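Asks: here is a sequence with its predicted model. Questions after.
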Amino acid sequence: MTTTAPRDATTPLTTDRGVRRQLVHKRAVEHVLTTAVARHGDRLLGSAQLPRCHRYFNDTSTPYYDLLLVAEAARQTVEAMTHELLDVPLDARFVLGGLAVEITRLPALRIGPAPTDLAVELHIDRSRRSRSGTLRALEGVAQCHVEGEPAARFSGALRFVPADTYTDLRADPAPEPAGTRADSPADPAPGPADPLPPRGTPALVGRTDPRNVLIGRPDVRGHETLARVVPDPADPVFFDHPLDHLPGMLLVEAARQCALVARARDSGVPVTALVATACRAAFREFAEHDAPLWCRARPEGPSGVRVSVEQRDRAIGTVDVEFTTSPDTAPAGEGLPSGHGGEPATDPGAGP
């Protein structure tokens, strides 16, 4: 039996089995990363194990655990904590307002010959409860450790909505928020004549498995990279169970892929040498199944990219991604020249 705990914790958590799948909102046991949660005094502790052969999370080109794998492990562990330790009902719907994840020590997340156990401790900054005492919302930070050393930080804002309230929420479309109009191509109502475009090649976004590509072939327009999101509702990774909207983690991954293409093109560093080390996402609206969804990426500063996620002619969210060059990269000068980090289309007619 393996045990893990954040530094100074006196009650180690077992990592020899996963928690009940319902606690992390999964149908398939194979997608459960969280192994235990427990309260120790006023501390909220959890553990997760990072896989080394996952079809999606381990389809990378650098020898480090992926940023969004760490985010998913932390997210699952926080969700399990809310149910097991904070008494959020299992049928409550979780509405994500935003999230941020940052790798604080990349060497701690290097993939080795043994599985890596992630110790998670949740610090709640703000919370709101109903008159009956049920937790309705929280904002907080989850500190993630590997072998007692800080490795990453995960933070976010969650609302816990009763099932009947959620049904009413989704049935009553919110008015368009002020200032969210975007100059993306107008999106007519899709139908049989509006099929999804083919996905880009795996090499374009640093993948090897075509199933893990979530964007179409990008279109470069000046300093911007525009790509259509190409979701697959039959994909068991992002659609483990039916959803009435596109999941937030799918949006973040699509944005990350578009950002990777933009960063590689701007820096001249191959996509295979870039490691995402931080991501911050904020969403104003749900992303719907029935309208085209776009990612518009623009490099910012020496290592960042801002991505606008757009649907029905307006921005529904933003995703900021930071990259670094992998320490395992070939010596400088062996990368691609600027403009050749991938295979984006430059023909104005190639975009929407």
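Replies: Yep, it's here.

Asks: and Phe94, bridged to which residues?
Replies: Legend: beta-bridge partners of Phe94 under DSSP bridges are Phe160.

Asks: can you check the one 5 residues further on too?
Replies: When bridges are called by DSSP bridges, Leu99 pairs up with Gly156, Ala281.

Asks: run the chain-centre distance for stretch 227-236.
Replies: In terms of CA atoms, centre = their mean, to the nearest Å, the centre of stretch 227-236 is set 14 Å apart from its chain centre.

Asks: which residues sit against stretch 117-128?
Replies: The contact list for stretch 117-128 (CB atoms under 8 Å, 6 or more residues apart in numbering) reads 2, 4-6, 9, 13, 15, 35, 43-50, 70, 73-74, 77-78, 81, 135-146, 148, 151, 154. All C-beta atoms are positioned from the backbone trio N, CA, C, and that covers glycine.

Asks: list the buried ones in that stretch?
Replies: Neighbour counts over stretch 117-128 (16 or more other CB atoms under 10 Å) mark 117-122 as buried.

Asks: which strands and helices lie in contact with whichever helix in the chain runs longest?
Replies: Assignment by DSSP state H gives helix 248-267 as the longest helix of the chain. In terms of contacts (3 or more CB pairs under 8 Å, 6 or more residues apart in numbering; DSSP states H and E), helix 248-267 is packed against helix 67-84, strand 93-103, strand 224-228, strand 274-283, strand 293-300, strand 304-311, strand 314-325.

Asks: can I get the CA coordinates of it in PDB?
Replies: This file holds the C-alpha atoms of helix 248-267, laid out as PDB (Å, rounded to 0.1, in the frame of the first residue of the first chain):
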ATOM      1  CA  GLY A 248     -14.800  23.300 -19.700                       C
ATOM      2  CA  MET A 249     -11.800  21.000 -19.800                       C
ATOM      3  CA  LEU A 250     -12.400  20.500 -23.500                       C
ATOM      4  CA  LEU A 251     -12.500  24.200 -24.100                       C
ATOM      5  CA  VAL A 252      -9.200  24.700 -22.200                       C
ATOM      6  CA  GLU A 253      -7.500  21.900 -24.100                       C
ATOM      7  CA  ALA A 254      -8.700  23.300 -27.500                       C
ATOM      8  CA  ALA A 255      -7.500  26.800 -26.400                       C
ATOM      9  CA  ARG A 256      -4.100  25.300 -25.300                       C
ATOM     10  CA  GLN A 257      -3.700  23.600 -28.700                       C
ATOM     11  CA  CYS A 258      -4.400  26.800 -30.600                       C
ATOM     12  CA  ALA A 259      -2.100  28.700 -28.200                       C
ATOM     13  CA  LEU A 260       0.700  26.100 -28.800                       C
ATOM     14  CA  VAL A 261       0.500  26.700 -32.600                       C
ATOM     15  CA  ALA A 262       0.600  30.500 -32.100                       C
ATOM     16  CA  ARG A 263       3.500  30.300 -29.600                       C
ATOM     17  CA  ALA A 264       5.600  28.000 -31.800                       C
ATOM     18  CA  ARG A 265       5.000  30.200 -34.900                       C
ATOM     19  CA  ASP A 266       5.900  33.400 -33.000                       C
ATOM     20  CA  SER A 267       9.000  32.000 -31.200                       C
END
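
Asks: between strand 314-325 and it, find me the angle.
Replies: 60 degrees (axes from the mean of the first three to the mean of the last three CA atoms, to 10 degrees).

Asks: and helix 248-267, average pLDDT?
Replies: Across helix 248-267, pLDDT averages out at 96.

Asks: off-centre distance for that helix?
Replies: 11 Å.

Asks: poorly predicted segments of this structure, please.
Replies: Along the chain, segments meeting pLDDT under 70 span 1-12, 166-169, 171-194, 330-352.

Asks: now the helices and strands packed on helix 248-267 in TSV, with distance to Pro242 and mean neighbour count?
Replies: Formatted as TSV, the helices and strands packed on helix 248-267 follow (distance: least, CB to CB, whole Å; neighbours: other CB atoms under 10 Å):
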stretch	distance to Pro242	mean neighbour count
helix 67-84	18	25
strand 93-103	13	19
strand 224-228	23	25
strand 274-283	20	21
strand 293-300	18	23
strand 304-311	20	23
strand 314-325	21	21
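
Asks: out of these, which comes closest to Gly112?
Replies: Ranking the helices and strands packed on helix 248-267 by proximity to Gly112 (CB to CB) places helix 67-84 first, at 14.8 Å.

Asks: doesn't Arg211 lie inside a strand?
Replies: No. Assessed with DSSP: H, G, I helix; E, B strand; the rest coil, Arg211 is helix; it does not lie in a strand.

Asks: what about the closest residue to it other than its chain neighbours, distance to Leu246?
Replies: With sequence-adjacent residues excluded and distances taken as CB to CB, 6 or more residues apart in numbering, Arg211 is closest to Asp235, at 6.7 Å. For Asp235, the distance to Leu246 (CB to CB, to the nearest Å) stands at 11 Å.

Asks: neighbour count for the two, which is higher?
Replies: Legend: neighbour count by other CB atoms under 10 Å for Asp235 and Leu246, higher for Leu246 (21 against 15).
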